[in-house]
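> show me the folded form of this:
(one chain, ligands or ions: 2)
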Amino acid sequence: MSMKTEKSLTVDKNWCKGCGICVAFCPKNVLEIKDGKVNIKDLDSCIKCGQCELRCPDFAIYLGGE
Ligand code: SF4
Ligand code: SF4
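Ligands and ions are numbered 1, 2, ... in the order given. Predicted structure coming up:
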């Protein structure tokens, strides 16, 4: 089993429909909608709280395990 614990924010733009829910729930203003899709505009501010992953209805944004 991998001991890696560092998670990275990942977006699958093929699944994103640009609804903006993740943008609204992100407490750190990391995300924006750009050209109808979610865009990570400030990754350095991401606290990896998982709200975007939790709220996205389309599983288009998530904290990857590796
Ligand atoms: S994990 Fe939290 S801080 Fe990072 S983009 Fe998602 S909602 Fe914002
Ligand atoms: S909540 Fe999901 S589908 Fe909606 S904009 Fe964010 S990543 Fe895209």
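> tell me if A24 really is in a helix.
Yes: residue state for A24 (DSSP: H, G, I helix; E, B strand; the rest coil) corresponds to a helix.
> that one - how many residues pack around it?
Applying the criterion other C-beta atoms under 10 Å, we find 11 residues in the vicinity of A24. (Glycine included, C-beta is placed from N, CA and C.)
> report the contact partners of it.
Remark: with contacts taken as C-beta atoms under 8 Å, 6 or more residues apart in numbering, A24 is in contact with nothing.
> okay, M1: pLDDT?
M1 is assigned a predicted lDDT (pLDDT) of 52.
> how would you label T10: helix, strand or coil?
State at T10, reduced to three classes by three-state DSSP: strand.
> apart from its neighbours in sequence, what residue is nearest it?
For T10, the nearest residue in space outside its immediate sequence neighbours is G64; the separation is 4.3 Å by C-beta to C-beta, 6 or more residues apart in numbering.
> for that neighbour, which residues are in contact?
With contacts taken as C-beta under 8 Å, 6+ apart, G64 has the following neighbours: 7-10.
> apply 7 Å and report the result again.
7-8, 10 (C-beta atoms under 7 Å, 6 or more residues apart in numbering).
> go on, L43?
With contact set as C-beta under 7 Å, 6+ apart, L43 has these partners: 9, 30.
> the residue nearest to V23 when sequence neighbours are not counted: neighbour count?
By the measure of C-beta to C-beta, 6+ apart, the closest residue to V23 outside its immediate chain neighbours is L31, 4.6 Å from it. Residues contacting L31 under the criterion other C-beta under 10 Å number 25.
> done for today, thanks.
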